[in-house]
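K.L.:
Just a sequence and a predicted model for now, questions to come.
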Amino acid sequence: MTELTNLGVKAIRDGVADGTFTAREVAEAFNAAVAAASELNAFIVATPDHALAAADAVDAKRAKGEDLGKMGGVPIGMKDLFATKGVQTTAASHILEGFTPEYESTVSQNLWDAGAGMLGKLNLDQFAMGSSNETSYFGNVASPWKKDGTNAAMSPGGSSGGSSSAVAARIAPAATGTDTGGSIRQPAAFTGICGIKPTYGRCSRWGVVAFASSLDQAGPMARSVEDCAIMLEAMAGFDPKDATSLQMDVPAWEAGLDADLKGKKIGIPKEYRMDGTDEEILKSWEQGKEWLHDAGAEIVDVSLPHTKYALPAYYIVAPAEASSNLARYDGVRYGLRDLPDGAGLQDMYAATRAAGFGDEVKRRILIGTYVLSAGFYDAYYTQAQKIRTLVAKDFAQAFGQCDAILAPTTPTASFPLGSLNEDPLTMYLNDVFAVPASLAGLPAMSVPATLNADGLPLGLQIVGKPFDEQGVLDTGLAIQQRAGFDAKPDKWW
Amino acid sequence: MSSYRIQGATGEWEVVIGLEVHAQVTSNAKLFSGAATAFGAEPNTQVSLVDAAMPGMLPVPNRECIRQAVRTGMAIEAEINTYSRFDRKNYFYADLPQGYQISQLYHPIVGEGQLLIEADEKAGIAEDKVIGIERIHVEQDAGKLMHDQHPTMSYVDLNRSGVALMEIVSKPDMRSPAEAGAYVRKLRAILRYVGSCDGNMEEGSMRADVNVSVRKPGEEFGTRTETKNVNSVRFVMQVIEYEANRQVDVIENGGKVDQETRLFDPGTGTTRTMRSKEDAHDYRYFPDPDLLPLELEEDFLAECRASLPELPDAKRRRYENDLGLTPYNARELTAEVETFARFETLLAAAAAKIGKGEAQVATQVANWALSVAPGVMKSLGDEANMANATAEAQAGILAMQDKGEISGGQAKEIYEIVLRDGGEPEKIADEKGLKQVSDTGAIEEAIDAIIAANGDKVEEYRSGKDKLFGFFVGQTMKAMQGKANPAVVNQILKDKLS
Amino acid sequence: MSVTREEVAKIASLARIRMGEEELERMVPELNGILAWVEQLGEVDCSGVEPMTAVIPNTLRLRDDVVDADPKTGGGRRDDVLANAPAAEHGFFGVPKVIE
């Protein structure tokens, strides 16, 4: 039954429902695939028992003729940023190593309630800070993809690199991701899968280890647009425990999927033609336009004039929020405590945080601390939040002329692990196309378009109006149908 | 003008005082979580995952806390900001689980207001004075550290962590310990009238950060120190006294006052530098990204306004103007929630029982409430059962007195019995013979006998020695064993002696 | 604006992250690189622009004043709260002794 691992969310759900196979068979197949893929280092902890228990519950329900749920029988990977009750939750940091929450995040609970099970906790960039999955305390995650003719381990993107790697390698049919400045879309693009970040507030942030509160959004990562629609439906929903949660019904995105874009206008933002963007990326963008035109959409030029300022603004806002959000990791109530001999309370904090946080986390905490400190607050933080207003206004204006925006997801394809480490800024530039939608809280998705000359996947990004996940998914589906992307990485792990 | 001055070697110094009062908002649950706020629970039993700042926990504000802050703002005639925000104040301390306190810096919920402190000769406040209030903002309380439970560790109890506080920031308008004391007492009264804080200073529901500086009169403000968490009116006054003198000494000895945080030691009545907070802070305030701006709607504000009770100043004016009470009585009766509540209940009961308007009996009731009744209670001490001190019983006594059935002395005697043993005052008066005689026949009889026996004195009186009237009253009362109604006695004596 | 080694040390202390000399030295150019790059935001004329407060139009929802309505946000779960504590004794969290 090894081919079960080739199935996606919809196929598994429907196959379990119609009795083609049992949920337990599916869980066992994926558990085995996870166990055999340790070289990818996609999982920090595997939880085969969780997957089996959930599968058995679904099989039992089926035997009784009960509703199996939107994700009935689908085992998934859970990014280790979501608190999972009784299962270690680390945010890929040493400071939370061994931390076992007594609570379940809203999003993961929603998934379990929908019949999903958990294969394990997925590796990520530490505290979701990174774009290559090289900042995890638990080691780098390798992409299942290799550059043609080379053997170097490639980056699965970040921060949801465990998620992207696992889904692309078919050791999980789908996985949760979180996106603060591109952390769902960029790894999805690097690994040839789909990932959608919904409108800010669609998915509850309760129980998700916070990176930058005003930007963080959870979303699904899977191999098809349909699978993303199904899983997002299960994840989303109003949560009274999150003051920024949207008090809106979750639309039936799966049922609403429609790849016919007649009457729709797709905007092409001219500012996304940036220096340093790979020729092949630009080519795939052109291809994308043709596909959407073919799907019935009218292609229009739009302008997002403050695009170039989005990334630097993000690198003020996100570290500022992070510096404060990560203050709770102090060695007092949970997680690592480093108490040197004779140390007082403040020494304990400094020692614990020095030992517990990785370099990139420290860097961002320092930047965030600096930009919020007395005398610099207005010049940095207030200015960045004003820029953010301008970026959001750009989008609002563009959406006066179009229904969705098409752009590349990333400026380049994946790169070998360790190749961009000399300068943090080079790494940050990876998210240049992803960050603007994050700053504006808009739904945005990456869909695989093609392979480049090196045999590496390239993604296209769709950005939608607030609350219009349906429009984003529909556009994604139109691309998916025309791109016919069915490339699979060769198994080397 | 206050004339409080510190006499230094170089002349007189004026003290400048500002107070930041932290008042615990009366609410069932905490500001951002559903954990209880009750005082005295076992450690860490009233702590939610949110209050312990577990990873991924988020704050959702409690409507009641917002409502109480708004009502308090309205009570000090302050500007209510329909747009406010929560900001994070970042610092590291073991009582602060999040590593930041959610507070309001840039856009507090309540803007400028004011509070009147009244002239009080005894306390050294020559005239009424209005103290400006800068703002009120809502914020989280911190947890509690205990240092004496373990040789090498401090213990952390987060029960208070996240309890809602109002920080009420005065302007530096006070100039003496007495003014500061009066300000705290008045503020406490207002909070308790409004019901937004129980004002229980022993349990820490109200505590003040006391900002003190000194200057030569007329000069610029000096450098101030802030003494934290002072939890009684007396201590607030002691801190000011001590700090002002200390600062004058420092300056006169050629030193400079450090702008610093200090701690008060009630044992010695002194203050000292707070070592744990000695590094200069940079709190890196910024809007809490977990929370959206707080926008208050008209309905909400209207409900807050409508639910406000009559406040101390208005009540005092009404007592004076409508009830005809003396300024002293009016102030005493309105100073505390319990006092006016008891008074108003008794006033209503007495007016009903007597069958007169409240204004007509108010003075009698006020005198009873402020002096007679407390006197009886005091004399009884532990014997008094306060459960018997019902408005009904007291009104009964006051009604008998009003009708002349009992004398003032009998009223006290009856009340004593009521407090000690219970029972209906009317029955007690009957059974114990604690009634005065208004029966003119019996009194006339007694007076006739006295006039007959004191012919010489009657002559003297009639020839102009008015003072003798008292002698006849005394004799009559004696003959009546003190039970005669003095008004009736007076009337009959006047008739018979003329 | 750029930062000196001393300023980085001060920021690290403010952020309660102990840093050795070598690490500080390494951080200085990295932070300066990032700061120099974000400097470009100064080019944008933001006069009359409000800083963003809510990314998606939404108003702050308030909670009812009810104790322990939802166990996830209520109290009365001391064992859970203390479960991961590096030092917990007699129902308290323990920290190195603090002198106030």
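P.N.:
Received the coordinates, thanks.
K.L.:
drop to CA atoms for contacts and neighbour counts, all remaining ones
P.N.:
Noted.
K.L.:
Let me know how buried A:Leu7 is, in neighbour terms.
P.N.:
Counted with other C-alpha atoms under 10 Å in any protein chain shown, the neighbours of A:Leu7 add up to 18.
K.L.:
Run the chain-centre distance for the strand ranked longest in chain C.
P.N.:
Counting residues, the longest strand found in chain C (DSSP state E) is strand C:92-96. For strand C:92-96, the gap between its own C-alpha mean and the chain's C-alpha mean amounts to 21 Å (C-alpha atoms, centre = their mean, to the nearest Å).
K.L.:
List of residues touching that strand?
P.N.:
For strand C:92-96, the surrounding residues in contact (C-alpha atoms under 8 Å, 6 or more residues apart in numbering or on different chains) are A:332-333, A:343-345, A:348, B:43-44, B:94, B:152-157, C:82, C:85, C:87-88.
K.L.:
and if you look at stretch B:337-355?
P.N.:
Identification of contacts with stretch B:337-355 by C-alpha under 8 Å, 6+ apart yields B:189, B:192-193, B:333-334, B:357-358, B:361-362, B:365-366, B:369, B:391-392, B:394-396, B:398-399, B:402.
K.L.:
Kindly check the end-to-end length of stretch A:407-425 for me.
P.N.:
Distance across stretch A:407-425, first residue to last, is 22 Å (C-alpha to C-alpha, to the nearest Å).
K.L.:
and what of stretch B:144-152?
P.N.:
Length of stretch B:144-152, first residue to last, C-alpha to C-alpha: 17 Å.
K.L.:
where exactly do the strands run in the stretch 201-350 of chain A?
P.N.:
All strands of the stretch 201-350 of chain A, identified by DSSP state E, counting those that start in this stretch, fall at A:217-222, A:265-269, A:298-302.
K.L.:
count of neighbours near residue 80?
P.N.:
All of this is about chain A. Using other C-alpha under 10 Å, A:Asp80 is surrounded by 33 other residues.
K.L.:
Hmm, no, I was thinking of chain B.
P.N.:
Per other C-alpha under 10 Å, the neighbour tally for B:Ile80 reads 23.
K.L.:
returning to that earlier point: buried members of the contacts of strand C:92-96 into PyMOL, please.
P.N.:
In PyMOL, this line selects whichever of the contacts of strand C:92-96 come out buried by 16 or more other C-alpha atoms under 10 Å in any protein chain shown:
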select buried, (chain A and resi 332+333+344+345+348) or (chain B and resi 43+44+94+153+154+155+156+157) or (chain C and resi 82+85+87+88)
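K.L.:
Among the contacts of strand C:92-96, which ones are in helices?
P.N.:
Mapping the contacts of strand C:92-96 onto helices (DSSP state H) picks out A:Leu345, A:Met348, C:Leu82.
K.L.:
Now narrow those residues to whatever sits close to chain B.
P.N.:
A:Leu345 (C-alpha under 8 Å from any C-alpha of the partner chain).
K.L.:
Throw the ones in helices among the contacts of strand C:92-96 into JSON lines and include pLDDT, thanks.
P.N.:
As requested, the ones in helices among the contacts of strand C:92-96 are exported to JSON lines (pLDDT from 0 to 100):
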{"residue": "A:Leu345", "pLDDT": "95"}
{"residue": "A:Met348", "pLDDT": "97"}
{"residue": "C:Leu82", "pLDDT": "98"}
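K.L.:
If we only consider the ones in helices among the contacts of strand C:92-96, which is nearest to chain B?
P.N.:
Nearest to chain B out of these is A:Leu345 (C-alpha to the nearest C-alpha; 7.5 Å).
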